[in-house]
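Enquirer: Here's my sequence, what's the structure:
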Amino acid sequence: MASNTRIDSRSGFCKSNSIFYSKRKPVSLPPNESLDVTTFISSRAHHGRTAFIDAATGRHLTFSELWRAVDSVSTCLSDMGIRKGHVILLLSPNSIFFPVVCLAVMSLGAIITTTNPLNTKQEIAKQIADSKPVLAFTISQLVPKLAGSTLPIVLLDDEKTTSTEGIKTVTTLPQMMRKEPSGTLVRDRINQDDVATLLYSSGTTGASKGVVSSHRNLIAMVQTVLGRFKLEDGEQTFICTVPMFHIYGLAAFATGLLASGSTIVVLSKFDMHEMLSSISKYRATYLPLVPPILVALISGADQIRSKYDLSSLQSVLSGGAPLSREVIEGFVQKYPKVRILQGYGLTESTGIGASTDSLEESRKYGTAGMLSPSMEAKIVDPDSGKALLVNQTGELWLKGPSIMKGYFSNPEATTSTLDSEGWLRTGDLCYIDDDGFIFIVDRLKELIKYKGYQVPPAELEALLLTHPKVSDAAVVPFPDKEAGQYPMAYVVREAGSRLSENEVMDFVARQVAPYKRVRRVAFVASIPKNPSGKILRKDLIKLATSKL
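Expert: Residues are numbered from 1 along each chain as shown. This is a model prediction of the structure:
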């Protein structure tokens, strides 16, 4: 690290090497190199009692039941011949048993790869062919999605599956959990640098790639989570609405928060009523969500508050996209006792890369937050490769203990994303202001090139969302012979609205430079997004160009 005298205390910027340093207290990594993330979490002292509650059934796991289950499952896996370096596939919606599988697998030095239950059979087959797992965990309902693979299967439930040809079910998780844990389990020596997870990034910029994260990456993320929430032991209850197969859910809910003794109420899938009634039933204090859910909480606030008791709620945590002034102030007005916190991260950064940790910080409207503990950043001119200064816009590069090891079996993709010094090119166009706050301008690869001008879709989307008759919007490039590309908007109208294409185009034209104007509009029922709330632009581009 640069000497502190040369680092500007306000922005965190060091002129001598053009690096921005985090202003947060650094994370301390355990000195013992032979440590896996499961052991690291289970050895943390806290006074928490209940680890997980199933929102639908009320079934729960205490911390002692959780760690006993993890020991039993890892004993069974070891008996089945699972060793360090083996890949295990987990195909399941959120459940209180999802973390049991992850923690047991990682405790053996084996690698967990998760997949979205909504993925098609073909998408899952592709991930299996790439990651080469030796065993799969899934629920009865999803077994047909593994048809055609020769993987032995462990069922997470006791239900008998409808027989699917060629499927080999070896045991069930409830049976594994009943096994007496072996006190003499022979484990391979696990190093912090060994691979722990293999998560497939949403592939918003091309084909989906396996992100390789180490035990050290996850341990650093656990430390970041603990530092961020400054939790009193066992006194906080989180509602888990975000998918555990995604890095946000895996890093926070299947691993990180367990180290604090917090209770996690698990929703198997997002449902507004179930989420709100769980807050009231379990007296939840923290609610993680994505911006569209936050907007729904504001627009339905009066009804929601009359129907549900949300008095226990202290904080909402939003991720996926920065929140506008209207959304933040709208929320504060409707829920004055609840703090709003934001986070920015990528699968490649093992979760949080920047965050706002107080309402005051969130009121820096449009910010993605300040750099996470021990994280460093550069803002780099995408054309010249030159490192830029405070308030200058370029690509955000990140470096720190939670940055991935690389992409699985994909050296070209790795070298184009990680440089030789370990800097991760995020693909996000950003600037960092005088106070060290990051502002995301757009995705580098998503800029629309209109007659040589660069048009950021996010800017036009933010503008469209201020129209009273627009409930959601996405902007994509539309190919044009003369201009190269021009902005096309996909718009979701407010219920009952008769908003027309011309009204949308005129609304934007009045407020932007001529080259940024929207020149085509299509109305849709909803905007496709990935689990973390990012717009799936490639799906919309495909839709737009399919009519050509």
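
Enquirer: Can you give me every residue that contacts Ala473?
Expert: For Ala473, the contacting residues are Glu461, Leu464, Leu465, Ala489, Tyr490, Val491, Val492, Ile527, taking Cβ atoms under 8 Å, 6 or more residues apart in numbering as the criterion. Backbone N, C-alpha and C define where each C-beta goes, glycine included.

Enquirer: ah, wrong one, I meant Pro292
Expert: When contacts are counted by Cβ under 8 Å, 6+ apart, Pro292 touches Asp472, Lys529, Gly533.

Enquirer: Among the residues you listed, which one has the most neighbours?
Expert: For those, the largest neighbour count, defined by other Cβ atoms under 10 Å, is 21 neighbours, found at Asp472.

Enquirer: Contacts made by stretch 133-147 with the rest, please.
Expert: By Cβ under 8 Å, 6+ apart, the list of residues contacting stretch 133-147 reads 77, 80, 82, 86-93, 95, 101, 113, 117, 119-121, 124, 149, 151-157, 159-162, 164-167, 169-170, 173.

Enquirer: Generate a PyMOL selection restricted to the buried subset of those residues.
Expert: In PyMOL, selecting the buried portion of those, with burial taken from 16 or more other Cβ atoms under 10 Å, looks like this:
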select buried, resi 77+80+82+86+87+88+89+90+91+92+93+95+101+113+117+119+124+149+151+153+154+155+156+157+161+167+169+173
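
Enquirer: Mind checking which of the contacts of stretch 133-147 land in helices?
Expert: Of the contacts of stretch 133-147, the ones assigned to helices by DSSP state H are Leu77, Val101, Lys121, Ile124, Leu173.

Enquirer: Could you check how far the second one is from Leu29?
Expert: The reference is to Val101. 26 Å (Cβ to Cβ, to the nearest Å).

Enquirer: And the third one, by the same measure?
Expert: According to Cβ to Cβ, Lys121 and Leu29 sit 41 Å apart.

Enquirer: Run through who's touching the helix or strand bottoming out on mean pLDDT in the chain.
Expert: Here the helix or strand of the chain ranked lowest by mean pLDDT, DSSP states H and E is strand 453-455, holding a mean of 76. In this structure, residues lying in contact with strand 453-455 by Cβ under 8 Å, 6+ apart are Leu447, Ile448, Lys449, Pro487, Tyr515, Lys516.

Enquirer: ok, then the element right after it?
Expert: Under the assignment DSSP states H and E, the closest C-terminal helix or strand after strand 453-455 is helix 457-464.

Enquirer: buried stuff in the helix or strand just after that following helix?
Expert: Heading C-terminal from helix 457-464, the first helix or strand you meet, by DSSP H and E, is strand 470-480. By 16+ other Cβ under 10 Å, the buried positions in strand 470-480 come out as Val470, Ser471, Asp472, Ala473, Ala474, Val475, Val476, Pro477, Phe478.

Enquirer: Likewise for stretch 392-405?
Expert: 393-405.

Enquirer: Among those, which lie within strands?
Expert: Gly394, Glu395, Leu396, Trp397, Leu398, Lys399 (DSSP state E).

Enquirer: which of these sit farthest apart?
Expert: Gly394 and Lys399 (15.4 Å; Cβ to Cβ).

Enquirer: ok so, going back, listing partners with orientation, what would you give for the least confident helix or strand of the chain?
Expert: Here strand 453-455 is paired, per DSSP bridges, with strand 448-450 (antiparallel).

Enquirer: For the strand it pairs with, what is the distance to the chain centroid?
Expert: Computed by Cα atoms, centre = their mean, to the nearest Å, the separation of strand 448-450 from the middle of its chain amounts to 29 Å.

Enquirer: Cheers, nothing more for now.
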